[in-house]
Structure formats: structure tokens, C-alpha cells
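J.: here's a sequence, model it:
(one chain, ligands or ions: 1)
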Amino acid sequence: MLSRRSFIKKCTSALIAINCSGLLFQASTSSGGSNRQIPVLAYHRVGYTPDNLTVTPERFANDLEHLQERGYCSISLEEFQKFIDGRSMDLPDKPVLITFDDGYLDNFQNAYPILRKYGMVGTFFVITDMLWAKERLTPEHIVEMAQGGMSFGSHTVTHRALAELDQPSIYDELVNSKAVLESVLGKQVNAIAYPRGSYNEAVVEVAESLGYLTGFTVKEGICIKRSPEFELRRIPIFKYDSGVINVIANRGHLV
Ligand SMILES: [Zn+2]
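T.: Numbering: from 1, shown residues only. The predicted model follows:
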């Protein structure tokens, strides 16, 4: 049986440990957890806007409840990156990475409190040119969320399709968004979600040269230890989806 101390090490905070307490007897003691399959959920907005990429707060809460009922435990971006890197670490039996693209204000107003209520953590990919724009996250929101255990990554400066840009423009998008977020957070930012899922070899090369460790696409699939670091697959979540567990089953296939 796991001691409380070693269990807490498996999650990012004591809060999560308490909320994942149902997993105490399921959590594996095998070192590394290297055979895990990790679904990476890709949300956008949590609110009441009428587009397909917005889920209501009620639906989002429902998704988190169902994930917990099925024994999923959310992990931080750093824990996910250690897993992909092959660095030894313990993971919960059923880890999940919950991501959000585009940095909308409703991520702070709606998603963040619901994540906290369920003792779960999320990873937010932010467009840095939009940081002071209407309806978007501000640096103050980001700092507060980071203090609450949330992770952040780049979604570039302007949200242009990277594969359509020349090399200097790709460089600007990646280096400047990273620098802005690092100055807001006071720590390294080394993950990117490609806007519109657009990337190519040149994008990956620039990302690697700048010290990014992981790049997330919008290709459907599930992540395993051998997944290519800069072509990570996610499971997109849409308004019309019937339930997150079904979505993981249908879109979280191994490729
Ligand atoms: Zn986007």
C-alpha cells in the first residue's frame, strides 16, 4: 500500500491528493509508469458562446466528474513532459492532461474554479499578443492560476498557421511568445500548441533550437512514452460531444 507521502508525490499538490484519494488503492507502485497511455484533452472555451469549441460550465464539471469516477487523475504539464522525455517518475494509474487553447478569459472565470473544485489541474496555451485583449486572460490571471497549480505554454504571438510562415517569422512567433510568458511566470516555458494544428519540419527545428521540449498538434490520438515530442496528439473536445469518456474511447486511439 502507498504511504500518504508517496501518494502525494504522484499528484501535483496536496489538494489533488485529497481529491484523488479514491485512487489510493488503485495507484500502481511500479516505478516509472512508462507503459501508460495518456489522453491529452484539448478544450477551448468554457462558457455560453454558441460555437462548437465552447462547452458550458455544467458540461465541463460533468466531464471532470466522469473522469474522476473512472479513476483518471489530472497531471501537470511538467509531469507529462517528464513522462514523454523518459525521465523516471511515478504516475497515477490513469493520468490525463487537460489542455485549453487560445487563452480566453472564461478559462479563468469558469474552467479554473471548476478544476479547483475537483482538485484537478489544467494546462493553458496562450496567444501572447492577446494578453491584454477583451475577453482574454491577462498576466494577472495567469500568475494567479499558476499559483493555483495550473501550467502554461505558448500558442504563439499572433495565432498564425506556422507551416505557412517563413523561417524568421516562425522564429519570432516562438521566441517572443516564450519570452513574454517566461517574464509573466518567472519560470521557463517550454511547450507549444501549434495554432490551427499547423506545423512542419522547419517549425519543429526552430522549436527545438529555442529550448521547447514538447509540441502539441490537433491530430487525434493518445500519447505514449514513444510519442514524438513535437507531434503530440490530443483529443479535441467539442460542444456536441456526448461525454468525455466516450470521446476518449472514440478519439484516443493509438497510432
Ligand atoms: Zn488556437
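J.: number of residues surrounding the closest residue to Ile237 other than its chain neighbours?
T.: Leaving aside its sequence neighbours, Ile237 sits nearest to Tyr43 (C-beta to C-beta, 6 or more residues apart in numbering; 5.0 Å). Any C-beta I mention is one placed from the backbone N, CA and C, and that applies to glycine too. Residues lying near Tyr43 (other C-beta atoms under 10 Å) number 25.
J.: residues in contact with Tyr43?
T.: Each residue near Tyr43 by C-beta atoms under 8 Å, 6 or more residues apart in numbering is listed here: 55, 60, 98-101, 111, 237.
J.: what do you get if the cut-off is 10 Å, keeping everything else the same?
T.: Tyr43 is in contact with 53-55, 60, 63, 98-102, 107, 111, 122, 124, 234-238, 244, counting by C-beta atoms under 10 Å, 6 or more residues apart in numbering.
J.: just the buried ones from those residues?
T.: Buried members of these, counted by 16 or more other C-beta atoms under 10 Å: 53-55, 60, 63, 98-102, 107, 111, 122, 124, 234-237, 244.
J.: in helices, which of the residues you listed fall?
T.: 60, 63, 244 (DSSP state H).
J.: out of those residues, the closest to the ion would be?
T.: Phe60 (18.0 Å; C-beta to the ion).
J.: which residues touch the closest residue to that closest one other than its chain neighbours?
T.: Nearest in space to Phe60, with sequence neighbours left out and distances taken as C-beta to C-beta, 6+ apart, is Val46 at 4.8 Å. By C-beta under 10 Å, 6+ apart, Val46 lies in contact with 54-61, 63, 100, 104, 106-115, 122.
J.: got any ranges where the stretch 1-150 of the chain has weak pLDDT?
T.: 1-32, 88 (pLDDT under 70).
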